[in-house]
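Colleague: Next one to model:
(2 chains)
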2 protein chains.
Amino acid sequence: MADSALTSLNTATVKQQWNLRQCIDGCVRHGIQGIAPWRDILHAMGVDEAARAIKDSGLRVTGLCRGGMFPGATPAQRQANLDDNRKAVDEAVALNAECLVLVVGGLPDGSKDIAAARGQVRDGIAYLLEYARSCNMPLAIEPLHPMYAADRACVNTMAHANDLCDELGPGLGIAVDVYHLWWDPDLEQQIKRAGRERLLAFHVCDWLVPTQDLLLDRGMMGDGIIDIPLIRSWMEKQGYHGLIEVEIFSAGNWWKREADEVLKVMKQRIREAV
Amino acid sequence: MADSALTSLNTATVKQQWNLRQCIDGCVRHGIQGIAPWRDILHAMGVDEAARAIKDSGLRVTGLCRGGMFPGATPAQRQANLDDNRKAVDEAVALNAECLVLVVGGLPDGSKDIAAARGQVRDGIAYLLEYARSCNMPLAIEPLHPMYAADRACVNTMAHANDLCDELGPGLGIAVDVYHLWWDPDLEQQIKRAGRERLLAFHVCDWLVPTQDLLLDRGMMGDGIIDIPLIRSWMEKQGYHGLIEVEIFSAGNWWKREADEVLKVMKQRIREAV
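Modeller: So this is what the prediction gives:
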């Protein structure tokens, strides 16, 4: 089982309880080595102040959540998305993040053309990658579960993410989240195909049975049916030794608890169920 | 756009409104050529009586829903599942169904081993296939959306279904449901790989944005974001000319309407959005 010191807190896990300052302090208090902030709470604190506070804390930033959302119904919309993505790269650099996580976006409003959306994603990443390379900021495509293909991300498998990495070249990698990928019979093979260079982040939570909500009913590691240690072993076989980032959207359970309790349970479950 | 006479009613679409007798009469009244009953309402009517009524009505039976659910925590449980599947084959034969649809099942209680569940599915189909062949009843694997991998079906892509067909041989095919498969970047290629022989059924409904419930919030064709005509064109390019089966689980909308209205809208949407 994993070493709980190797945990990173994705701030979404306590998003109803804590602002970024509280998340930073909480991680330090609980001996959690990493943090992955979302941009909304980053902006609320202010990027400069957050960068200083995180630096002072000694925390690693396992990723900034998130860039992406490339598709748009019009060229102007797509350009606005790209402009915002450049800002996200700048913020990731300011935080000394290990990567900028990309949730690539789904269908533009009114569209049923998922192939076209995928083309826009490809083009958007290609454009952003040039800038990100110039800043030495790795981009991590996070393939999302196919149930988010329409409205959040039309890259839904490691195979598709690997294809994009093959096509677009260095500086681009993958954030592997067990929640999104556990079901894929091709997962072991595609983690192998990705290899050490592309495996930029490892996110964990659990798939609950039954799942009550498409978005906000993710489980704490060990409470669901994902064989997380098995997937972790595939990551480590490729040489992944980054932190293990806990990202749990849970409106009905974990968002209602004391955040300190959530972090305590998280660490325990990293030891027992990851 | 499709010919609305080529519609088949999956009885789940009006499951809160009509029993099987009413479904049969409704199809005849609305000029719908096919029906696909679920086993629960089939048993409620009685298999012999249903078989007679369907024969008298002149309806085609595009599939019996459903066999499958192969995995089990114990050998005894798996054998009970297989016994029930043999009965389902017999019922499909009695109805002169064009296939028995297989929803293959997910993880056995307490298991996190999806590879093992997939092995049990493979073994279960292999066993059942021998019997189904002896009765000339085609088995149609229905790959379900990955959001059902844990609790309903651990075959979640056409590629996986095609692999099983390759391995297990004749008598086994695939039921293509746009709701489950629309997101797959490999879909066109895998429909081509399946080819005419394996394409045993074509199910339609639509993916709503947002989707409120994992199970019971499917949309009427045209109300969501699936490019159904495109997928239909891929089916027809392979020579599929079977009926188009409408299967909509919709607790909040279509299950609350008059069933005659549902059938009317269905036919209209087959013309306009399929």
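Colleague: low pLDDT regions in the stretch 151-274 of chain A?
Modeller: Judged against pLDDT under 70, the stretch 151-274 of chain A has no low-scoring part.
Colleague: ok, which stretches of it are strands?
Modeller: Residue ranges of the strands in the stretch 151-274 of chain A, as given by DSSP state E, counting those that start in this stretch, are A:172-177, A:199-204, A:244-246.
Colleague: Over to the stretch 1-150 of chain A?
Modeller: Taking DSSP E, counting those that start in this stretch as the test, the strands found in the stretch 1-150 of chain A are A:7-10, A:34-36, A:60-61, A:64-68, A:100-103, A:139-141.
Colleague: Would you mark the buried spots in stretch A:151-169?
Modeller: Using 16 or more other Cβ atoms under 10 Å in any protein chain shown as the test for burial, stretch A:151-169 gives A:151-162, A:164-165, A:168. (Each C-beta comes from the backbone N, C-alpha and C, glycine too.)
Colleague: ok, and which of those reach chain B?
Modeller: Here is what survives when the buried residues of stretch A:151-169 are matched to chain B using Cβ under 8 Å from any Cβ of the partner chain: A:Asp151, A:Cys154, A:Asn156, A:Thr157, A:His160.
Colleague: Please report how far the second one lies from B:Ala76.
Modeller: Applying Cβ to Cβ, to the nearest Å, one obtains 44 Å for the distance of A:Cys154 from B:Ala76.
Colleague: And A:Lys192, by the same measure?
Modeller: On the measure of Cβ to Cβ, A:Lys192 and B:Ala76 end up 37 Å apart.
Colleague: When those two are compared, which one has more neighbours?
Modeller: Ranked by neighbour count (other Cβ atoms under 10 Å in any protein chain shown), A:Lys192 and B:Ala76 place A:Lys192 first, with 12 against 9.
Colleague: Just give the nearest non-adjacent residue to that one, would you?
Modeller: Nearest non-adjacent residue to A:Lys192, counting by Cβ to Cβ, 6 or more residues apart in numbering or on different chains: A:Gln238, 6.4 Å away.
Colleague: Spell out which parts of the stretch 1-150 of chain A neighbour chain B.
Modeller: Residues of the stretch 1-150 of chain A lying near chain B by Cβ under 8 Å from any Cβ: A:Leu107, A:Ser111, A:Lys112, A:Asp113, A:Ile114, A:Ala115, A:Arg118, A:His145, A:Pro146, A:Met147, A:Ala149, A:Ala150.
Colleague: which among the residues you listed end up buried?
Modeller: Buried residues within the residues of the stretch 1-150 of chain A next to chain B, counting neighbours by 16+ other Cβ under 10 Å: A:Leu107, A:Ser111, A:Lys112, A:Asp113, A:Ile114, A:Arg118, A:His145, A:Pro146, A:Met147, A:Ala149, A:Ala150.
Colleague: Please name the spatially closest residue to the fifth one (chain neighbours excluded).
Modeller: Same thing as A:Ile114. Nearest non-adjacent residue to A:Ile114, counting by Cβ to Cβ, 6+ apart: A:Cys154, 5.6 Å away.
Colleague: so the one you found touches A:Val103, yeah?
Modeller: No - with contacts counted by Cβ atoms under 8 Å, A:Cys154 stays clear of A:Val103, the gap being 10.4 Å.
Colleague: hang on, the earlier thing: just send the strands of the stretch 1-150 of chain A back as a markdown table, with mean pLDDT and mean neighbour count too.
Modeller: Shown next, in a markdown table, are the strands of the stretch 1-150 of chain A (pLDDT from 0 to 100; neighbours: other Cβ atoms under 10 Å in any protein chain shown):
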| stretch | mean pLDDT | mean neighbour count |
| --- | --- | --- |
| strand A:7-10 | 98 | 28 |
| strand A:34-36 | 98 | 27 |
| strand A:60-61 | 98 | 21 |
| strand A:64-68 | 98 | 27 |
| strand A:100-103 | 98 | 28 |
| strand A:139-141 | 98 | 27 |
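Colleague: who wins for proximity to A:Ile226 among those strands?
Modeller: Closest of the strands of the stretch 1-150 of chain A to A:Ile226 is strand A:7-10, at 16.4 Å (criterion: Cβ to Cβ).
Colleague: what helices or strands is the closest one leaning on?
Modeller: Packing partners of strand A:7-10 (3 or more Cβ pairs under 8 Å, 6 or more residues apart in numbering or on different chains; DSSP states H and E): helix A:20-30, strand A:34-36, strand A:244-246, helix A:259-273.
Colleague: what about those, which gets the closest to B:Val204?
Modeller: Between B:Val204 and the helices and strands packed on strand A:7-10, the tightest spacing by Cβ to Cβ is seen for strand A:244-246, at 39.1 Å.
Colleague: of all of the stretch 151-274 of chain A, which residue lies closest to chain B?
Modeller: Going by Cβ to the nearest Cβ, chain B is nearest to A:Trp183 of the stretch 151-274 of chain A, at 3.8 Å.
Colleague: and that residue, what does it touch?
Modeller: With contact taken as Cβ atoms under 8 Å, 6 or more residues apart in numbering or on different chains, A:Trp183 is in contact with A:His145, B:Ile114, B:Pro146, B:Ala149, B:Ala150, B:Cys154, B:Asn156.
Colleague: Those in helices, which ones?
Modeller: Among the contacts of A:Trp183, the members found in helices (DSSP state H) are B:Ile114.
Colleague: Could you pull up the residues touching the closest residue to A:His160 other than its chain neighbours?
Modeller: Nearest non-adjacent residue to A:His160, counting by Cβ to Cβ, 6+ apart: B:Pro185, 5.8 Å away. Counting by Cβ under 8 Å, 6+ apart, B:Pro185 makes contact with A:Ala115, A:Arg118, A:Asn156, A:Thr157, A:His160.
Colleague: Could I get the phi/psi values of B:Pro185?
Modeller: phi -60, psi -20 (degrees, to the nearest 10).
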